[in-house]
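Asks: structure for this input, please:
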Amino acid sequence: MSHPNAFAEIAENLSYLDDWEDRYRYIIELGQALPALAEEEKNAENRVHGCVSQVWLVSSSNGDQLIYRGESDAMIVRGLVAVLIALYSGRPAREIADTDAITIFDELGLREHLTTQRSNGLVAMVNRIRGEARQLAAA
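Replies: Now for the predicted structure:
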């Protein structure tokens with residue numbers, strides 16, 4: 001299964017960055033480019049539980065495709081949200097449910113320098129996205 005163009009571009013750009021500090025900066029830049037959520041979208045229903053920082057994911061569907069938007073109050077986590085959106089948003093629910101972002105992040109070396117708390121938060125975000133996709137695919 002191929003990855004969406006937006007994610008493939010991120011993966012390619014990361015492959016050119018050997019230094020972890022450069023990778024951090026790039027991830028932060030991706031997060032800064034995310035459009036802000038409306039204040040009313042930053043609610044308990046959209047909040048991702050299991051993240052130490054505040055993270056909100058908003059999903060909508062277009063047929064069987066899920067569209068994601070998100071935000072975080074932490075710069076690096078906001079960047080991780082941006083990477084997940086690039087990987088998952090706009091894809092059919094079945095593909096999302098079948099795509100393990102954690103394995104992909106490990107292959108890209110994106111988790112090796114994350115704190116345990118950030119890594120756990122990443123897993124919580126992935127579980128939330130894939131869980132929603134499984135529900136939509138089963139409907």
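Asks: now the residue nearest to the spatial centre of the chain: which helix or strand?
Replies: Nearest residue to the geometric centre of the chain (Cα atoms, centre = their mean): Leu84, 2.1 Å. If you go by DSSP states H and E, Leu84 is part of helix 75-88.
Asks: burial measure for Pro4, as a count.
Replies: When counting by other Cβ atoms under 10 Å, one arrives at 16 neighbours for Pro4. The way it works is simple: take the backbone N, C-alpha and C, and place the C-beta from them, glycine included.
Asks: list the buried ones in the longest helix along the chain?
Replies: In terms of residue count, the longest helix belonging to the chain (DSSP state H) is helix 116-138. By neighbour count on 16 or more other Cβ atoms under 10 Å, the buried set for helix 116-138 is 118-119, 121-126, 128-130, 132-133, 136-137.
Asks: cool, and stretch 88-106?
Replies: Quick answer for stretch 88-106 (16+ other Cβ under 10 Å): 88-89, 91, 93, 95-97, 99, 101, 104-105.
Asks: determine which two of those residues are furthest apart.
Replies: Ala93 and Phe105 (20.8 Å; Cβ to Cβ).
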